[in-house]
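>>> what's the 3D shape of this:
(one chain, ligands or ions: 1)
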Amino acid sequence: MIPNSSPWLKQLNRTRPIVPLAEDVAGDVAIVGGGIAGAVTAYFTLRDTQNTVVLIEADRVAHGATGHNAGQVTSYFERPFESIVEEFGLEMAAEGQRSVEGAWGLLDEILAETSLSAPLYRFTGYAGCSSIEQLIEHLEENKDRREGGLNPETILVSNESGWGEEIPLEYKDLYALAPQTDILALLETEDLKYNACIASQKGCMNSATFTEELMGYMVATYPGRFSLYEESPMSRVSLKEDRALLSVGAHTVEAARVVLCTNGFEQFHIENESGSDIDTAFHHLVQGRIGYMAGYLEAMNAAPTALSYFPHGAVKTGDPTGETYFYLTRRPHGDDVGEPKNLVCAGGPEQVLPNQALYSRTEHCREDVRESLDDFLRSTYRHYPDPGTEYAFCWHGLMGYTPGGLRRIGAEPANPVLLYNLGCNGVGILPSIYGGKRIARVLAGETLERSIFDPVDQRCQS
Ligand SMILES: Cc1cc2nc3c(=O)[nH]c(=O)nc-3n(C[C@H](O)[C@H](O)[C@H](O)COP(=O)(O)OP(=O)(O)OC[C@H]3O[C@@H](n4cnc5c(N)ncnc54)[C@H](O)[C@@H]3O)c2cc1C
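You can find the predicted model right below:
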């Protein structure tokens, strides 16, 4: 039995005491959820408005998905870009993609302004395709990117694969041919089924230490305007016309606006006293999925990276019933003891959380999943050390999937006292950061252009 042990939580160097809510409090803005979404939403709200902020966390800061992810900083959607274009039109889809890519700049801003010590490694990462169908999906995305005014990504196709002759002419200038050995070298594999790769900007960070340090910064910088309460689960939010009342144990938080940064909608109720029902529709909409990861330490003899592999049949839909695509990240993992090491993490397998089932963070890791991750690394990763590698870490985390696979960011149409920055959808670090900035703009009174992240008006849904 392997306990759920995340390398990101192990690195937390926390010194703040835990302060649970012990009295009724009031503020301009209440934020529920102390993951990266809640922290960044609080940061931009404090920086860009005069509002006071009360942040409520059920557990401890950064112990949700933020402390159990792959820590890969990336800007793709777990949904084909083409389908976003079909739903929203090219202009809005491209603007959505541009917004998430723009979160790199917001992340740099936060790091520069706060001088946090949590490291961010930036580099070009690669994704490998083993079938021409996968390649065409990426070429189509590249075509949409270019037509939408975004920079196309670099795509290399093996000149020995014969795929060059099969690729439709419309994609002709969206890829380059290269020797397969070069493609395999970029993908750090010897697996000959990979005949194409896509290069894009990627990064690695520990979003838990980032979040924890950002909370510490806000506590120190805004003593009169920011209050943080941990081990304080909210069970109900009652929405009036002009304010919200949050039930937290025996106490109440009163605020003019409330922002849910809870990843999903489980374990609390929304009561709209000033309009139509919100609770039922939303609880049925956000679906929980458990993502599994494993990681081992190796000698620090290679640069940080992020690599993804699409074996035969795997697609980028985030569909857990489809063939799994695997990914790995590698970055330094200092613990101040002995030789510096690299941490290699692999992930991919997911499990849908059955309806009404409760996710338990303390559940042990599944041995079959760890074995499948080990199989993947052994068969794919060129630097895989030895059979019988000891995995120092094995962990799982909860992702909240929205029906459209896009994060929800903005005010609730049925009562704008309530706002959201939630819906992990597999890739959530950059979208959470963008979401935090967008929410702060709403709270500052700006009228924003429509976006693919706008909460859907459930009153218009059948
Ligand atoms: C296995 C896995 C791998 C992932 N890999 C990546 C990756 O490589 N790259 C990437 O970009 N994203 C990845 N993600 C997604 C990413 O981790 C999240 O989208 C991101 O951390 C955003 O977190 P959040 O703040 O929205 O949610 P969380 O970190 O889950 O925070 C939500 C917080 O809300 C609190 N909360 C919930 N309900 C209540 C309540 N009623 N009262 C008070 N508090 C409450 C929870 O306790 C929790 O702390 C991965 C996720 C998982 C699980």
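>>> Doesn't P416 belong to a strand?
No. Secondary structure assignment (DSSP: H, G, I helix; E, B strand; the rest coil) places P416 in coil, not in a strand.
>>> contacting residues for it?
With contact set as CB atoms under 8 Å, 6 or more residues apart in numbering, P416 has no partners. All C-beta atoms are positioned from the backbone trio N, CA, C, and that covers glycine.
>>> now check stretch 258-271, is it near the ligand?
Yes. Using CB under 6 Å from any ligand atom, stretch 258-271 reaches the ligand at C261, T262, N263, Q267, F268.
>>> Including secondary structure and pLDDT, could these go into a markdown table?
Listed next are these as a markdown table, based on DSSP: H, G, I helix; E, B strand; the rest coil; pLDDT from 0 to 100:
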| residue | secondary structure | pLDDT |
| --- | --- | --- |
| C261 | coil | 97 |
| T262 | coil | 94 |
| N263 | coil | 91 |
| Q267 | coil | 80 |
| F268 | coil | 90 |
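>>> Need the buried ones from these selected in PyMOL.
The PyMOL selection below is limited to those of the residues of stretch 258-271 next to the ligand classed as buried (16 or more other CB atoms under 10 Å):
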select buried, resi 261+262+263+268
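>>> Distance of whichever residue of the stretch 151-300 of the chain sits closest to the ligand relative to I429?
Residue nearest to the ligand within the stretch 151-300 of the chain: G291 (2.8 Å; CB to the nearest ligand atom). G291 sits 13 Å away from I429, going by CB to CB, to the nearest Å.
>>> Between the two, which contacts overlap?
With CB under 8 Å, 6+ apart as the test, G291 and I429 both reach N69.
>>> Show me what the residue of the stretch 151-300 of the chain closest to the ligand bridges to in the sheet.
On the basis of DSSP bridges, G291 is bridged to E350, G397.
>>> One more: V25?
Residues in beta-bridge contact with V25 (DSSP bridges): V253.
>>> Was I right to think it contacts I56?
No. With contact defined as CB atoms under 8 Å, V25 does not count as touching I56 (9.5 Å).
>>> what about the residue lying closest to Y76 once chain neighbours are set aside, neighbour count?
Distance criterion CB to CB, 6 or more residues apart in numbering; nearest residue to Y76, sequence neighbours excluded, is V427 at 6.3 Å. Neighbours of V427 under the rule other CB atoms under 10 Å: 23.
>>> what does G33 give?
Using other CB under 10 Å, G33 has 26 other residues around it.
>>> Quick check: it vs V456, distance?
20 Å.
>>> Pick out whichever of G291 and I429 has more residues nearby.
I429 (27 against 22).
>>> returning to what we had before: measure the residue nearest to Y76 to G436 for me?
16 Å.
>>> hang on, R14 in a helix?
No. Counting by three-state DSSP, R14 is not found in a helix; it is coil.
>>> Can you check the pLDDT for it?
You'll see R14 listed with a pLDDT of 88.
>>> Mutual contacts of V25 and I56, please.
Joint contacts of V25 and I56 (CB under 8 Å, 6+ apart) are V253.
>>> Enumerate the positions of the top helix by length along the chain that are buried.
Ranked by residue count, the top helix of the chain under DSSP state H comes out as helix 90-114. Under the neighbour-count criterion of 16+ other CB under 10 Å, helix 90-114 has 90, 92-97, 99-104, 106-107, 109-111, 114 buried.
>>> same for it, what does it pack against?
helix 36-48, helix 81-88, helix 132-147, strand 196-205, helix 207-221, helix 429-443 (3 or more CB pairs under 8 Å, 6 or more residues apart in numbering; DSSP states H and E).
>>> Next, the angle from the last one to strand 196-205.
Just to be clear, that refers to helix 429-443. 60 degrees (axes from the mean of the first three to the mean of the last three CA atoms, to 10 degrees).
>>> Report whether helix 429-443 contacts the ligand.
Yes. Judged by CB under 6 Å from any ligand atom, helix 429-443 and the ligand are in contact via I429, S432.
>>> Now do that helix: distance to the chain's middle.
Computed by CA atoms, centre = their mean, to the nearest Å, the chain-centroid distance of helix 429-443 equals 13 Å.
>>> Could I get the buried residue list for that helix?
Neighbour-count burial for helix 429-443 flags 429-440, 442-443 (criterion: 16+ other CB under 10 Å).
>>> Which strands or helices does that helix pack on?
Counting by 3+ CB pairs under 8 Å, 6+ apart, helix 429-443 packs on helix 36-48, strand 72-73, helix 90-114, strand 408-411, strand 418-422.
>>> now do 6 Å
helix 36-48, helix 90-114, strand 418-422 (3 or more CB pairs under 6 Å, 6 or more residues apart in numbering; DSSP states H and E).
>>> Can you tell me the strand partners of the last one and which way each runs?
Each strand that pairs with strand 418-422, with its direction, by DSSP bridges: strand 251-260 (parallel), strand 408-411 (antiparallel).
>>> and the angle from it to helix 36-48?
Using the same axes, to 10 degrees: strand 418-422 against helix 36-48 is 120 degrees.
>>> What of the longest one?
Direction vectors for helix 90-114 and helix 36-48, defined by the same axes, to 10 degrees, enclose an angle of 70 degrees.
>>> Outside of helix 90-114 itself, which residues are in contact with it?
S75, I84, V85, G148, L150, Y217, L430, P431, I433, Y434, K437, I452 (CB atoms under 6 Å, 6 or more residues apart in numbering).
>>> Identify the residues contacting the last one.
By CB under 6 Å, 6+ apart, the contact set of I452 is F88, M92, G96, L406.
>>> and of those, the nearest to the ligand?
Among the contacts of I452, and counting by CB to the nearest ligand atom, the member closest to the ligand is L406, at 12.1 Å.
>>> For the closest one, grab the count of nearby residues.
23.
>>> now T402: how far from the ligand?
12 Å (CB to the nearest ligand atom, to the nearest Å).
>>> Do you know the pLDDT at the residue nearest to that residue when sequence neighbours are not counted?
Distance criterion CB to CB, 6+ apart; nearest residue to T402, sequence neighbours excluded, is G423 at 4.1 Å. Looking at G423, its pLDDT reads 91.
>>> Over to G164?
Listed pLDDT for G164 reads 88.
>>> show me what contacts it?
L177.
>>> Just to be sure, G348 is in a helix?
No. Per three-state DSSP, G348 lies outside any helix segment and is strand.
>>> what residues are up against the closest residue to it other than its chain neighbours?
Once flanking residues are discounted, G348 sits nearest to F326: 3.9 Å by CB to CB, 6+ apart. Contact partners of F326, counting by CB under 6 Å, 6+ apart, are Y309, G348, F376.
>>> Helix or strand for the first one, just tell me which one.
Looking back up the chat, that one is Y309. strand 305-310 (DSSP states H and E).
>>> for the very next helix or strand once past that strand, which positions count as buried?
Remark: after strand 305-310, the chain's next helix or strand is strand 326-332, criterion DSSP H and E. For strand 326-332, a neighbour-count test (16+ other CB under 10 Å) marks F326, Y327, L328, T329, R330, R331 as buried.
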